[in-house]
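Engineer: Show me how the following folds:
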Amino acid sequence: MALLSTRHPRYTILLGVILVTAFFLLLPGSPYTYSLDTAYPATASLQNAVVQVDNGLPARVRRSERIYQKMLKRREGLIRKYGPNPREVVS
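Structural biologist: Got it, this is the predicted structure:
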């Protein structure tokens, strides 16, 4: 019985690339984390820098609250832009 890599070399290479990419992005010290992208927008000085993030509970709560408030402002903008108007809402 032939091995998968000898019968389907392209799929083996693709699988390897996917695994290496996933491993790189999921590393604990990776600069590509969800909290950095959403809480701290990239500026010219921080684009190539590694940022130390405090992962303590109070800092995480503050960061989550900042993200939530930002999301609420965006949601209000979407409601203003696309509706519904207050008179269209049945209470």
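Engineer: CA only for contacts and neighbour counts going forward, please
Structural biologist: Will do.
Engineer: ok, now how distant is Glu88 from Gly77?
Structural biologist: 17 Å (C-alpha to C-alpha, to the nearest Å).
Engineer: Which of the two has more residues huddled nearby?
Structural biologist: When Glu88 and Gly77 are compared for neighbours, Gly77 comes out ahead with 12 against 8, by other C-alpha atoms under 10 Å.
Engineer: What helix or strand is the more buried one located in?
Structural biologist: Using DSSP states H and E, Gly77 sits within helix 57-82.
Engineer: For that helix, buried residues please.
Structural biologist: Neighbour counts over helix 57-82 (16 or more other C-alpha atoms under 10 Å) mark Arg63 as buried.
Engineer: Tell me which other helices or strands that helix touches.
Structural biologist: helix 34-39 (3 or more C-alpha pairs under 8 Å, 6 or more residues apart in numbering; DSSP states H and E).
Engineer: and the helix it packs on, average pLDDT?
Structural biologist: The average pLDDT within helix 34-39 is 50.
Engineer: what does stretch 71-82 give?
Structural biologist: Stretch 71-82 carries an average pLDDT of 91.
Engineer: Check stretch 12-31 too.
Structural biologist: 81.
Engineer: do stretch 57-67 as well
Structural biologist: 92.
Engineer: Would you report the backbone torsion angles of Asp54?
Structural biologist: phi -80, psi 120 (degrees, to the nearest 10).
Engineer: and the gap between the closest residue to it other than its chain neighbours and Arg87?
Structural biologist: Leaving out its chain neighbours, the residue that sits closest to Asp54 by C-alpha to C-alpha, 6 or more residues apart in numbering is Arg60, at 7.6 Å. Going from Arg60 to Arg87 by C-alpha to C-alpha gives 39 Å.
Engineer: How about Asp54?
Structural biologist: From Asp54 to Arg87 the distance is 45 Å (C-alpha to C-alpha).
Engineer: Thr6 now?
Structural biologist: For Thr6 relative to Arg87 (C-alpha to C-alpha), the value is 67 Å.
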